[in-house]
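Visitor: The amino acid sequence is not available; the structure is as follows:
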């Protein structure tokens, strides 16, 4: 499947933390031709194949969203955050309510004519937000049980210069890069475990449990990181279209970081470095201390407008990450089997 089509397919399915069943089903179908596929108690999807030196590859499948907490007397839904929702993005946004039926909704907003001067500078608390689904209280309660999840409306837009925009590219872009690598990885004399983990946005929960009992020799986490836009610090951002971001941090294994850099150089794969002075804010933080410790590296895809309805990535960067994983695995397989 072409990269464009794969990403479009992956972002079409909702997976707010704790309710990943729809994408689990899709991923099990995709992975079934590569190896043994299983799921665990926290909805991680795990595929294992091959023999020999064992590399675990991780990307998270969950996304941010909202949870319905109550229905007001006039039928509006009240909500709480599920993950790191940017409150600035909410007012006037189109959303999808995943209740007993799939419903369209709008997050209510006052017209500028009715706002006070001070309202222009206020960012609402999520507890003050209301979702309009066009129903009265009785109908809303019947169709939307408390605890139902809400996501930004699914959208997928092709931009210029191989860029695409969608919600939940964090981290479906990373999932796509792993899937794209599987055909080549399947041919190598190594063992691979693909961990498509859940609830990263709720505290890296799936990655805390997923590696247990796998006996991986090392791991690589794949996520997104900050792509430069006006207002960003260039020293703390990657550049869209400039390739995979190889993480360097005290919590990451230096030999893996060095190996990724060498693999990129040897294979003319575009890459850039992301230097962090401590935690990475990704699943790598918890994978590296799983069980008695797992040597772990991190590759990220530069992404603009993180945790918004219009996240943007470059398809070429996703493919660079996939190519780098394969090149690194070939290099590792050669060293281990020398």
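Guide: Everything's here; your move. Remember, predicted model here, so these are calculated numbers, not experimental data. Numbering: from 1, shown residues only.

Visitor: Please count neighbours and contacts with C-alpha atoms only from this point.
Guide: OK.

Visitor: Can you check the pLDDT for residue 112?
Guide: On the pLDDT scale, residue 112 is placed at 52.

Visitor: And the biggest helix by length in the chain, what does it pack against?
Guide: Longest helix in the chain, counting residues (DSSP state H): helix 315-336. Counting contacts by 3 or more Cα pairs under 8 Å, 6 or more residues apart in numbering; DSSP states H and E, helix 315-336 packs against helix 3-11, helix 169-185, strand 244-248, helix 254-266, strand 295-303.

Visitor: List the buried residues of it.
Guide: Residues 315-333 are the ones in helix 315-336 that count as buried (16 or more other Cα atoms under 10 Å).

Visitor: Stretch 254-263 now?
Guide: By neighbour count on 16+ other Cα under 10 Å, the buried set for stretch 254-263 is 254, 256, 257, 259, 260, 261, 262, 263.

Visitor: And for stretch 86-103?
Guide: 86, 90, 91, 94, 95, 96, 97, 98, 99.

Visitor: Restricted to strands, list those residues.
Guide: Of the buried residues of stretch 86-103, the ones assigned to strands by DSSP state E are 94, 95, 96, 97, 98.

Visitor: correct me, but residue 217 touches residue 293?
Guide: No - Residue 217 is beyond contact range of residue 293, at 9.8 Å (criterion: Cα atoms under 8 Å).

Visitor: quick one on the thing from earlier: and of the buried residues of stretch 254-263, the nearest to residue 12?
Guide: Checking those against residue 12 by Cα to Cα gives residue 260 as the nearest, at 31.3 Å.

Visitor: Residue 144 versus the closest one, what's the distance?
Guide: 47 Å (Cα to Cα, to the nearest Å).

Visitor: for the helices and strands packed on helix 315-336, which one sits closest to residue 56?
Guide: Closest approach to residue 56 among the helices and strands packed on helix 315-336 is made by strand 295-303 (9.0 Å; Cα to Cα).

Visitor: next one: the closest one to chain centre, how far?
Guide: Its chain's C-alpha centre and that of strand 295-303 lie 12 Å apart, by Cα atoms, centre = their mean, to the nearest Å.

Visitor: what residue ranges in the stretch 51-200 of the chain score low on pLDDT?
Guide: Within the stretch 51-200 of the chain, the stretches with pLDDT under 70 are 109-121.

Visitor: the helices in the stretch 101-250 of the chain, which residues?
Guide: With helices called from DSSP state H, counting those that start in this stretch, the stretch 101-250 of the chain shows them at 137-143, 169-185, 205-209.

Visitor: Tabulate these (CSV), appending mean neighbour count and distance to residue 1.
Guide: CSV is the format used below for those (neighbours: other Cα atoms under 10 Å; distance: least, Cα to Cα, whole Å):
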stretch, mean neighbour count, distance to residue 1
helix 137-143, 15, 37
helix 169-185, 24, 8
helix 205-209, 23, 27
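
Visitor: picking that back up, now the ones in strands among the buried residues of stretch 86-103 as a markdown table including distance to residue 125?
Guide: Listed next are these as a markdown table, based on distance: Cα to Cα, whole Å:
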| residue | distance to residue 125 |
| --- | --- |
| 94 | 18 |
| 95 | 17 |
| 96 | 20 |
| 97 | 20 |
| 98 | 22 |
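
Visitor: you'd agree residue 242 is up against residue 270?
Guide: Yes - between residue 242 and residue 270 there is a contact at 6.2 Å, judged by Cα under 8 Å.
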